[in-house]
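J.: Pasting a predicted model and its sequence here:
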Amino acid sequence: SQKIEQNSEALNIQEGKTATLTCNYTNYSPAYLQWYRQDPGRGPVFLLLIRENEKEKRKERLKVTFDTTLKQSLFHITASQPADSATYLCALPADYGNNRLAFGKGNQVVVIP
Amino acid sequence: NAGVMQNPRHLVRRRGQEARLRCSPMKGHSHVYWYRQLPEEGLKFMVYLQKENIIDESGMPKERFSAEFPKEGPSILRIQQVVRGDSAAYFCASSPLSEGNTEAFFGQGTRLTVV
């Protein structure tokens, strides 16, 4: 099954700057990849889905890229705000043709006012 | 349309007791997934159910854990004879389609503490 790697160190970033998070996977190339946001004590909230034939996807200040050659997705928050402080999770199918999602451990973002 | 509802939010059990966690999916969703999250760990898949069927239980421990999603009523995750290692946050998610390439809607979780 997939191994998903996200940076374990928190990303501290100044308000207004762009935060960039990385998600690497090690096995087969998934048909899609998803990003979620999780706040302390809360359940994950879906943000974006990008398919294997899409290079880039945007939603408001969020941008996701998907490089199947590098087996990597980048998640960008532009013009970051303190309210963006949270843990961001990368998720993709656990196995080829499988419906269940495998999640990375998440990467914490702290936006400093 | 209410979101995914989990209850209780917090559950304290003594070692050896049973824990019963409930999940009501979003209206119109017939696919339910249970995940477990330990501190500093990622979400670990446990079981995937459709109405009256267990589709994938590859993440469930072989003993003490069971799940159901009856025709009527919420999905239930049951843990018998709980041990301290069962302390975790348990999240339920639902989706409207069988294909995984749609978003999953998560509940707020049940935090189980075994004392």
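T.: Here it is on my side, so go on. Here the structure is a predicted model, which is why all the values come from computation and not from measurement.
J.: quick one: low-confidence parts of the chain?
T.: By default, I'm working from chain A. A:97-98 (pLDDT under 70).
J.: um, chain B though
T.: B:1, B:97-101.
J.: Can you give the strand pairings for the strand or helix carrying B:L112, parallel or anti for each?
T.: Using DSSP states H and E, the element containing B:L112 is strand B:110-114. Here strand B:110-114 has these sheet partners by DSSP bridges: strand B:10-13 (parallel), strand B:88-95 (antiparallel).
J.: so which of those is the most packed in?
T.: Stretch with highest mean neighbour count among these: strand B:88-95 (a mean of 24; mean count of other C-beta atoms under 10 Å in any protein chain shown). The C-beta positions use only the backbone N, C-alpha and C, and glycine is treated the same way.
J.: got a list of contacts for that one?
T.: Here strand B:88-95 makes contact (C-beta atoms under 8 Å, 6 or more residues apart in numbering or on different chains) with A:43-44, B:4, B:6, B:21, B:23, B:25-26, B:29, B:31-38, B:43, B:46, B:75, B:77, B:102-107, B:109-112.
J.: Can you name the next helix or strand after it?
T.: Defined by DSSP H and E, the subsequent element after strand B:88-95 is strand B:105-106.
J.: Tell me which residues of the strand holding B:L112 come out buried.
T.: The neighbour-count check on strand B:110-114 (16 or more other C-beta atoms under 10 Å in any protein chain shown) flags B:T110, B:R111, B:L112, B:V114 as buried.
J.: Grab the most central residue of chain B for me.
T.: In chain B, the centroid-proximal residue (C-alpha atoms, centre = their mean) is B:W34; its distance is 3.5 Å.
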